[in-house]
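J.: Okay, predicted coordinates and the sequence, questions at the end:
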Amino acid sequence: MAKAFTDSNFQNEVLSSEKLTVVDFWAEWCGPCRAIGPVIDELSKEYDGKVNVGKVNVDENPQVSMNYGITSIPAILFIKNGQVVDKLVGAQPKGNFVKKIEAHLS
């Protein structure tokens, strides 16, 4: 399962991590967010130990969402060494996530 990133743990779990981190900004009421939820969970299993994969509920964690200017969801940020290195917005096929992850793993 993907981790739950929050306003309080984002610094430690994401920004301080040396691993690539995939952050899915989502909300319970968002249909496309629920559609990609299983894909995010699959990625967390497939890249376990290599990539951090987690979700930020935008309704429960407004600070992180505001810090990154998230205005439409789902928004998926790829963060490495505290910096956003890539981004996807909207529901996407799994292959698009895999391409982005693989591009930033090295």
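T.: Noted; the coordinates are in hand.
J.: Show me the helices in the protein, by range?
T.: 10, 31-46, 62-67, 94-105 (DSSP state H).
J.: can you tell me how far the most centrally placed residue in the chain sits from Ile73?
T.: Ranked by distance to the mean C-alpha position of the chain (Cα atoms, centre = their mean), the top residue is Val23 at 1.3 Å. To Ile73, Val23 is 12 Å away according to Cβ to Cβ, to the nearest Å. No exception for glycine: its C-beta is placed from N, CA and C like everyone else's.
J.: ditto for Val89
T.: 8 Å.
J.: try Asn52
T.: From Asn52 to Ile73 the distance is 19 Å (Cβ to Cβ).
J.: Count residues in the vicinity of the closest residue in space to Ala103 that isn't next to it in sequence, would you?
T.: Excluding the flanking residues, the one nearest Ala103 by Cβ to Cβ, 6 or more residues apart in numbering is Asp86, at 7.3 Å. For Asp86, the neighbour count with other Cβ atoms under 10 Å is 16.
J.: No more questions from me, cheers.
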